[in-house]
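In: Got a predicted structure here, sequence first:
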Amino acid sequence: EVQVVESGGGLVQPGGSLRLSCAASGFTFSSYWMSWVRQAPGKGLEWVANIKQDGSEKYYVDSVKGRFTISRDNAKNSLYLQMNTLRAEDTAVYYCARGIRDSSGYYFAGVFDIWGQGTMVTVSS
Amino acid sequence: DIQMTQSPSSLSASVGDRVTITCRASQGISNYLAWYQQKPGKVPKLLIYAASTLQSGVPSRFSGSRSGTDFTLTISSLQPEDVATYYCQKYNSPPYTFGQGTKLEIK
C-alpha cells in the first residue's frame, strides 16, 4: 500500500523548535518530489515547503523562510521538517504529501496525490 | 505572488443538481491548476490536475475546464457523498497557492 505517515507533532512554546518526520512506504520514495502542507484549525490549506528527489532544490512559502528547513533521507524513505522560532500562527495540522507522476511519466513538484493523516503542531504558552 | 480566488465560498444544492465552482488566478498559470476535495475530518483528495485531467479513481461526474485565467470545477449530478470543501491550487511555480475553499452542502 502506498502511504506516508507523519509523526513528531505536539505542544511547543512560542520561540521553540520541533522536528516533524514522514515515513513513506509502498513506492519508490527517491523518485518523487515531496512537500509539507499545513491547515490551521478551521482554515484552508497552505503549502509550506517542498524538496526535489535528490534534495538539490528546496522551496518555501515566505512566512516560514529562515525558520523552517525541509530535508529528506532517501535511504530511510523519510521526509523531515525542522521548525525553529515557532509562532502561534504556525499552529496547524501538518501533512506530508507526494508530488504526482502523470501518465507521461513526468514528476510534478506542486500537485499532490498521496497525503498522510497529518500531525498536529500547537504553539502556545 | 499569484492569488487564487474561489467563488462562491459556500454553496447549497440538491441531490442531482449540476454544481459549478469557479477559481480565478490573478496572473496566467497556463493549465497548472488542480482541484482537491476535503470531506469533514478527512485528508484532502486530488480530483483533477492540469485543469481538466481526472485523477485515477475519481467519478466521471467531476470535470474541470479553463478559460484564460478562470477555471471551473463541475459536478454534473450532485451526490450526498460530495458534501465537502473544494480547493483549487496553482502549481506552475512556488509558492503553490490554494484558493480559500468552497464549502458544498446538500439542500
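Out: Received it, and whenever you're ready, just let me know what you need.
In: Which residues of chain B lie near chain A?
Out: Contacts of chain B with chain A, taken as C-beta under 8 Å from any C-beta of the partner chain, map to B:1, B:32, B:34, B:36, B:38, B:43-46, B:49-50, B:53, B:55, B:85, B:87, B:89-101. Just so you know, the C-beta spots here come from the backbone N, C-alpha and C atoms, and that holds for glycine as well.
In: Now list the buried members of the residues you listed.
Out: B:32, B:34, B:36, B:38, B:43-46, B:49-50, B:55, B:85, B:87, B:89-91, B:94-101 (16 or more other C-beta atoms under 10 Å in any protein chain shown).
In: Alpha carbons only: can I get stretch A:83-90 in CSV?
Out: Output of stretch A:83-90 as CSV, limited to C-alpha atoms (Å, rounded to 0.1, in the frame of the first residue of the first chain):
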residue,chain,number,x,y,z
MET,A,83,10.7,24.1,12.6
ASN,A,84,12.5,26.7,14.6
THR,A,85,11.4,30.0,16.2
LEU,A,86,7.8,28.8,16.2
ARG,A,87,5.0,31.3,16.4
ALA,A,88,1.3,31.0,17.4
GLU,A,89,0.4,31.3,13.7
ASP,A,90,2.3,28.1,12.9
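In: buried residues in it?
Out: A:83, A:86, A:90.
In: List the contacts of the second one.
Out: Read that as residue A:86. Neighbouring residues of residue A:86 by C-beta atoms under 8 Å, 6 or more residues apart in numbering or on different chains: A:12-18, A:67, A:121, A:123.
In: buried stuff in whatever helix or strand residue A:113 lives in?
Out: Using DSSP states H and E, residue A:113 sits in strand A:107-115. Using 16+ other C-beta under 10 Å as the test for burial, strand A:107-115 gives A:108-115.
In: give me the subset of those touching chain B.
Out: Answer for the buried residues of strand A:107-115 near chain B (C-beta under 8 Å from any C-beta): A:108-113, A:115.
In: Let's test this: mean pLDDT of stretch A:16-31, rounded?
Out: Mean pLDDT, stretch A:16-31: 98.
In: do stretch B:25-33 as well
Out: Rounded mean pLDDT across stretch B:25-33 is 97.
In: residues in contact with that stretch?
Out: A:110-111, B:2-5, B:23, B:49-52, B:64, B:66, B:68-71, B:88-92.
In: so of the residues you listed, which ones are in helices?
Out: Of the contacts of stretch B:25-33, none are assigned to helices by DSSP state H.
In: can you tell me which of the residues you listed are in strands?
Out: The strands, defined by DSSP state E, take in A:110-111, B:4-5, B:23, B:49, B:64, B:66, B:70-71, B:88-90 from the contacts of stretch B:25-33.
In: could I get the buried residues of stretch A:83-90 as TSV with pLDDT and secondary structure?
Out: Converted to TSV, these look like this (pLDDT from 0 to 100; DSSP: H, G, I helix; E, B strand; the rest coil):
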residue	pLDDT	secondary structure
A:83	98	strand
A:86	98	coil
A:90	98	helix
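In: Near chain B, which residues of chain A are found?
Out: A:35, A:37, A:44-47, A:50, A:59-62, A:95, A:100, A:102, A:108-113, A:115-118.
In: And the residue of chain A found nearest chain B, how close does it get to residue B:97?
Out: For chain A, the residue closest to chain B is residue A:110, as judged by C-beta to the nearest C-beta, at 3.3 Å. Residue A:110 sits 10 Å away from residue B:97, going by C-beta to C-beta, to the nearest Å.
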